[in-house]
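Visitor: pasting the sequence and the predicted model now:
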Amino acid sequence: VQLQASGGGLVQPGGSLRLSCVVSGRTLGNSAIAWFRRAPGKEREAVLCVDDNDARIYYDDSVKGRFTMSRDDAKNTVHLQMNSLSPEDTAVYYCAARGYRCSSSVTAFRSWGQGTQVTVSS
């Protein structure tokens with residue numbers, strides 16, 4: 001299983017970015033795909049996940065109403081749309097895959113993308 005994350009960059013506060021995670025080696029229909037982030041000086045933490053039934057689970061209350069996930073089964077790709085970004089969202093963002101059910105635990109995921117840097121700054 002391989003995951004390829006992309007879409008990070010530098011954005012001003014209040015701006016938007018869309019991250020993408022292309023999954024190969026397993027289908028989204030039997031996978032849970034999560035986005036984690038690691039802010040400077042902090043541990044990697046779960047942000048949002050979509051499970052095999054296309055249900056979303058938010059693990060970080062600070063992104064509710066601003067971040068959404070979408071799943072494109074035809075392209076085996078998951079997107080993370082991030083709106084109203086603030087400097088507190090600055091982090092390396094990782095996508096991760098496991099079977100069927102979501103989890104907020106880093107150790108529950110065996111397959112990881114390489115990370116994409118998101119920097120929110122004026």
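Guide: Received it, and whenever you're ready, just let me know what you need.

Visitor: can you show me the strands along the protein?
Guide: 2-6, 9-11, 17-24, 31-38, 44-50, 56-58, 67-72, 77-82, 91-99, 111-112, 116-120 (DSSP state E).

Visitor: so where's this protein shaky on pLDDT?
Guide: The model of the chain has no residue with pLDDT under 70.

Visitor: that older thread, residue 105: which of the strands of the chain is closest?
Guide: Counting by C-beta to C-beta, residue 105 lies closest to strand 44-50 out of these; the figure is 7.6 Å. All C-beta atoms are positioned from the backbone trio N, CA, C, and that covers glycine.

Visitor: okay, and the beta partners of the spatially most central residue of the chain?
Guide: By C-alpha atoms, centre = their mean, the chain has its centre lying nearest to residue 35, at 2.4 Å. Here residue 35 sits in beta bridges with residue 48, residue 95, as judged by DSSP bridges.

Visitor: can you pull the contacts of it?
Guide: 19, 21, 46-49, 69, 80, 93-96 (C-beta atoms under 8 Å, 6 or more residues apart in numbering).

Visitor: coming back round to it: tell me which of the strands of the chain sits most buried.
Guide: When those are scored by mean count of other C-beta atoms under 10 Å, the highest mean neighbour count falls to strand 31-38 (a mean of 24).

Visitor: now that strand, how far from the centre of its chain.
Guide: 5 Å (C-alpha atoms, centre = their mean, to the nearest Å).

Visitor: and for stretch 34-46?
Guide: Going by C-alpha atoms, centre = their mean, where stretch 34-46 is centred and where its chain is centred differ by 10 Å.

Visitor: output it as CSV, nothing but the C-alphas.
Guide: Coordinates of each C-alpha in stretch 34-46 appear next as CSV, following Å, rounded to 0.1, in the frame of the first residue of the first chain:
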residue,chain,number,x,y,z
ALA,A,34,-7.2,9.7,8.0
TRP,A,35,-5.4,13.0,8.0
PHE,A,36,-2.9,13.6,10.8
ARG,A,37,-0.8,16.7,11.4
ARG,A,38,2.4,17.5,13.3
ALA,A,39,2.7,21.1,14.3
PRO,A,40,6.2,22.4,15.2
GLY,A,41,7.2,21.1,18.6
LYS,A,42,4.2,18.8,18.9
GLU,A,43,3.2,15.2,18.5
ARG,A,44,1.5,13.9,15.3
GLU,A,45,-2.2,14.2,16.0
ALA,A,46,-5.3,13.0,14.2
